[in-house]
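Visitor: Just need the structure, nothing else, for what follows:
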Amino acid sequence: MTSSRLAPLGTWPGDLTTTKTEIPRQDGIELSIVIPTFNERENIVPLVERLRAALVGVAWEVIFVDDDSSDKTVDVVRSLSLTDQRIRGIRRIHRRGLAGACLEGILSTSAPIVAVMDADLQHDETRLVAMLAMMRSNRTDLVVATRYGGQGSSEEGFNRIRQAGSQMAIRIAKRLLKIETSDPMSGFFMVKRALIDELAPKLSQQGFKILLDIIASSPAPLKLGEISYVFRPRLHGESKLDASVVFEYLGLLIAKWSGDIISSRMLLFGLVGLSGVVVHLTILRLLLLGGQAFPASQASAMLAAVISNYTFNNALTYRDRRRHGARFLTGLMLFSAFCSIGVLAGTGVSSLFYSQEPQWWLAGLAGAVIGAGWNYITSSMITWRRAG
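Guide: Model prediction:
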């Protein structure tokens, strides 16, 4: 894992004192702002108005990447684009996730510099000019808008629980991945598009923390700059943060710490499998205590574990390919069938190991690895295959 060099906050030209007139107009689009959206209809118009006011004198465009919002967010974007060619919208079908949306938006532009920010109006768009000035100095690969350095603050936008959780996540990331920026969890940053072109195959399509992924995935140290800002309270809509985001973040940390040997999806799949063992043993014990015969208790416990594993994998591991309605039931049948094959395969391999080397733990481990590997592969390629 390589560390990045961090520029002292406020030392670059164009920090707090930069004015719009210092940024000359360029031929073609110099700056592209990529904004992932999901049910942010009410925020689009005020956000575009703020960008227009903040970026006077800059050749810019904004790309809204929408995960097929039920409130038709993309319709507002398209309506605005009819009178302003700087506004574009991408509607993603059967794909979910902030990181994937950001990556798709970045790769769709030819602008040499790309900014990523949220649609919820919590990020301070007036800091974009200072960030651009820092990028133009050619002394940075990436500029982080930080809530935890200089005059930055997150108190207005976070309650105490969210703020404590954010700061804990930052401490873990900095210690585990040796990242030298005050806010690796920031969703507001500016980067050279050429850098993302290079790193794109290594970046995760899942999760919310694409900045952390970019810094941790770079094979060489990045030149980082920082611009402080005050994190605003949300005006419209609801936060997308839930338990699944926490699991995805932990998965990303482990993936990058292991050098991408362990993918975040594989890790989540394994954790769900361990929870299934707990469910199995708990149900089995309760049924036996209730006087049920062992064969019936074991069958019921196995069924409960399969249903539990499928439900959690659908909600967490494959949340970007989540199955709903009738597809949830057909997916459960597929998952159960393939798990049964995995049990048979694992039993066969463990029996072979035991006949060659009669050590029960080694044979059991071999069978478990084969079964788990089979279940993961079939789940990714068939049960939750990516829609074409």
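Visitor: What strand or helix carries residue 276?
Guide: helix 264-289 (DSSP states H and E).
Visitor: Would you mind checking the average pLDDT for that helix?
Guide: Helix 264-289 carries an average pLDDT of 85.
Visitor: could you pull out the strands for this protein?
Guide: 5-6, 31-37, 60-66, 87-91, 113-116, 142-146, 189-192, 223-228 (DSSP state E).
Visitor: so what secondary structure elements neighbour the helix holding residue 276?
Guide: Secondary-structure packing of helix 264-289 (3 or more Cβ pairs under 8 Å, 6 or more residues apart in numbering; DSSP states H and E): helix 243-257, helix 294-312, helix 360-378. Every residue, glycine included, has its C-beta placed from N, CA and C.
Visitor: ok and it relative to helix 294-312, angle-wise?
Guide: Calculated by axes from the mean of the first three to the mean of the last three Cα atoms, to 10 degrees, helix 264-289 forms an angle of 150 degrees with helix 294-312.
Visitor: Can you give me the buried ones in helix 264-289?
Guide: 264-269, 271-273, 276, 279-280, 283-284, 287 (16 or more other Cβ atoms under 10 Å).
Visitor: what distance separates it from the middle of the whole chain?
Guide: Centre-to-centre, helix 264-289 and its host chain are 25 Å apart (Cα atoms, centre = their mean, to the nearest Å).
Visitor: same thing with stretch 375-386?
Guide: When distances are taken as Cα atoms, centre = their mean, stretch 375-386 is centred 20 Å away from the chain's centroid.
Visitor: start to end distance for that stretch?
Guide: One end of stretch 375-386 sits 16 Å from the other (Cα to Cα, to the nearest Å).
Visitor: With stretch 302-322 instead?
Guide: The first-to-last residue distance of stretch 302-322 comes to 23 Å (Cα to Cα).
Visitor: Residues contacting it, please?
Guide: Residues outside stretch 302-322 that contact it (Cβ atoms under 8 Å, 6 or more residues apart in numbering): 94-97, 100, 205-206, 243-244, 247-248, 265, 268-269, 272-273, 275-277, 279-280, 283, 323, 328, 331-332, 335-336, 339, 379-380, 384-387.
Visitor: distance of the residue lying farthest from the centre of the chain from residue 218?
Guide: Residue farthest from the centre of the chain, counting by Cα atoms, centre = their mean, is residue 291 at 46.6 Å. Per Cβ to Cβ, to the nearest Å, residue 291 is found 61 Å from residue 218.
Visitor: hmm, back to that, just name the most buried of the helices and strands packed on helix 264-289.
Guide: Most buried of the helices and strands packed on helix 264-289 by mean neighbour count (mean count of other Cβ atoms under 10 Å) is helix 243-257; its value is a mean of 19.
Visitor: quick one on the thing from earlier: so can I have TSV of the strands of the chain showing distance to residue 316, mean pLDDT and mean neighbour count?
Guide: TSV is the format used below for those (distance: least, Cβ to Cβ, whole Å; pLDDT from 0 to 100; neighbours: other Cβ atoms under 10 Å):
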stretch	distance to residue 316	mean pLDDT	mean neighbour count
strand 5-6	33	56	16
strand 31-37	20	96	26
strand 60-66	23	97	25
strand 87-91	25	96	19
strand 113-116	24	97	24
strand 142-146	28	94	27
strand 189-192	26	96	24
strand 223-228	31	93	24
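Visitor: Just put the ones you listed in JSON lines and tack on distance to residue 130.
Guide: Shown next, in JSON lines, are those (distance: least, Cβ to Cβ, whole Å):
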{"stretch": "strand 5-6", "distance to residue 130": "17"}
{"stretch": "strand 31-37", "distance to residue 130": "12"}
{"stretch": "strand 60-66", "distance to residue 130": "14"}
{"stretch": "strand 87-91", "distance to residue 130": "23"}
{"stretch": "strand 113-116", "distance to residue 130": "12"}
{"stretch": "strand 142-146", "distance to residue 130": "9"}
{"stretch": "strand 189-192", "distance to residue 130": "10"}
{"stretch": "strand 223-228", "distance to residue 130": "5"}
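Visitor: which one is residue 267 nearest to, not counting chain neighbours?
Guide: Excluding the flanking residues, the one nearest residue 267 by Cβ to Cβ, 6 or more residues apart in numbering is residue 251, at 4.7 Å.
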